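Engineer: sequence-free structure coming up:
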């Protein structure tokens, strides 16, 4: 084999090795950079499940309920962490709680929102609750909303007089079920006059509302959030369970029992959305999504026609009622009664008989 | 619900929301419990107001309980994502609009004339399957050496590729308008299309080792004492691997050099030594060598001199 002599130019062999590899890499990069048009490829999801997830997260005319993202800041006190935990419990079905500390999230600073936006994109959450604790702002909670996964508006509140839901004692029967639609009540003129409280009212409505439903089951109403504007900067928030009592009319008498966490929210800072963004976010389209009605035709002569499909009936294969001895109801019920009377221990004796 | 104090609550039944803008604390609440109590009583009034309207709605019975149809919510809240943007029409759609072409629904079962049966349009045993064509009639425009079956397949391939390009262009223009369908992502692939140039191959481990070995030979000691990077394997030596026997035999070990020479001698002086030597080959080799020496040059490399040809001015120069 011919000897390949390389002019060393003062490089050692080791350096040469590294240089060769580097040059090879540079050569490839230069080639790519030299080309102006980049080849694009179409990527579609390979599984039906992935496709469904993507369609769920796509922008729609009628949107899904907003999901909430609950995060910790650099340092959290006991109150803040319990507030976050309880908020998560209240919003169980539609909230995601991250347990690690996030040091690079600063919602009010211009660069500190990138992580938040990334998380919002990843988890498809449009509301976030960020809790932290510093000397300057003790027991701090930042409630924020996203539009198109970019920060829309923020409001910062301080927590005072927090009472955890474990400290409330009540009859367990009236405890509200997970995921039930709540009543939301606001009291106080502050919510109309003070702009920060107005924003807080909107944010709290968005946070507690959950899904927008068309049909509501009246037996499933069991919780209410009460917010009272105590002063122009302070709001008292509490969570109550609903007791329905008999009254003379169809409408039952309502009684509220405090069950959940209660706290005082002190307004600190806020950021309103800029007008253009607000207008765009508040836009709603007038037309309803046209639902395809199948099997209905309109005929000029006969009017509205419908089509009914009946599956083929195979008379020989129709399932007849099972009239075998052991299955008859009386026998079944009799057995159940006997077992109840004599307890499970003696069942073994019976079976061996 | 109007009370004596003429308080009107703002109720949004769709959201189960109620707002009482007119409440004023009559006196500064004395203690926390008082405050809490007052808030809860106010809240109760509001919830009662909502329930009044709610329970008076016409309800339908269901398995879980009475179902009520809620009106749409009246408080406007900001959207989560932008409204879906209208997709720009594709090139075909524009063309169809211009020409007035209507969409026609295609049937799943089509009548096949060749077999007089109804066959499906796509899939197994379909109507116009490329593999099933027995005869293609020759046309006047056909070239003699061309395979029409291969041509058909080729044409189809070209059509499919063109369609892919068109699809990509349509998606690109949709992406530009911000209306890419939700399940599609356009991603830049790693390398651009190179028409004539070969794509640069990544240097593999072995190739890199070879190049490094070649670079090492340029050093004074042939790369033997070079500092190696962590994890690097020792250089593969090119050429024959010589193993030299020790000059002084080790104590207690067999004298290898002696063994070697004894072996050779033994072979030469043995009974069957004449069988080792291929006499015919040896004679041929000897004769060849002799002839080469005679001619003084290798026959293949230099052109044969023609002795009969005379040099034109050879003798005249001497005169």
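Structural biologist: Sure, I can see it. Note that this is a predicted model, so its numbers are computed, not measured.
Engineer: can you check which helix is longest in chain B?
Structural biologist: Longest helix in chain B by number of residues (criterion: DSSP state H): helix B:148-176.
Engineer: and it, what does it pack onto?
Structural biologist: Helices and strands touching helix B:148-176, as assessed by 3 or more C-beta pairs under 8 Å, 6 or more residues apart in numbering or on different chains; DSSP states H and E, comprise strand A:40-43, helix B:91-99, strand B:185-188. Any C-beta I mention is one placed from the backbone N, CA and C, and that applies to glycine too.
Engineer: go again using 7 Å as the cut-off
Structural biologist: Packed against helix B:148-176, as judged by 3 or more C-beta pairs under 7 Å, 6 or more residues apart in numbering or on different chains; DSSP states H and E, are the following elements: strand A:40-43, strand B:185-188.
Engineer: which parts of whichever helix or strand comes after the first one are buried?
Structural biologist: Using DSSP states H and E, the next helix or strand after strand A:40-43 towards the C-terminus is helix A:48-57. Using 16 or more other C-beta atoms under 10 Å in any protein chain shown as the burial criterion, the residues of helix A:48-57 that qualify are residue A:54.
Engineer: so which residues make contact with the following helix or strand past helix A:48-57?
Structural biologist: Proceeding C-terminally, helix A:48-57 gives way to strand A:68-72 as the next helix or strand, assigned by DSSP H and E. Residues outside strand A:68-72 that contact it (C-beta atoms under 7 Å, 6 or more residues apart in numbering or on different chains) are A:84, A:87-88, A:91, A:94-98, A:100-102, A:105, A:119-120, A:123, A:125, A:127-131, A:207.
Engineer: in its sheet, what does strand A:68-72 sit against?
Structural biologist: Here strand A:68-72 has these sheet partners by DSSP bridges: strand A:95-101 (parallel), strand A:127-132 (parallel).
Engineer: follow-up on the earlier one: list only buried entries from the contacts of strand A:68-72.
Structural biologist: Buried members of the contacts of strand A:68-72, scored by 16+ other C-beta under 10 Å, are A:84, A:87, A:91, A:94-97, A:102, A:105, A:119-120, A:125, A:127-131, A:207.
Engineer: next, count neighbours for residue B:46.
Structural biologist: Residue B:46 has 27 neighbours, counted by other C-beta atoms under 10 Å in any protein chain shown.
Engineer: and it, what does it touch?
Structural biologist: So residue B:46 contacts A:185, B:9, B:18, B:20 (C-beta under 7 Å, 6+ apart).
Engineer: flag every buried residue along the helix or strand encompassing it.
Structural biologist: When secondary structure is defined by DSSP H and E, residue B:46 falls within helix B:32-55. Along helix B:32-55, the positions that meet the burial threshold by neighbour count (16+ other C-beta under 10 Å) are B:35-36, B:38-40, B:42-51, B:54-55.
Engineer: with stretch A:324-340 instead?
Structural biologist: Taking 16+ other C-beta under 10 Å as the basis for neighbour counts, none of the residues of stretch A:324-340 comes out buried.
Engineer: same question for stretch B:138-155.
Structural biologist: Counting neighbours by 16+ other C-beta under 10 Å, one finds that stretch B:138-155 has no buried residues.
Engineer: list of residues touching that stretch?
Structural biologist: Taking C-beta under 7 Å, 6+ apart as the criterion, the residues outside stretch B:138-155 that touch it are B:130, B:136.
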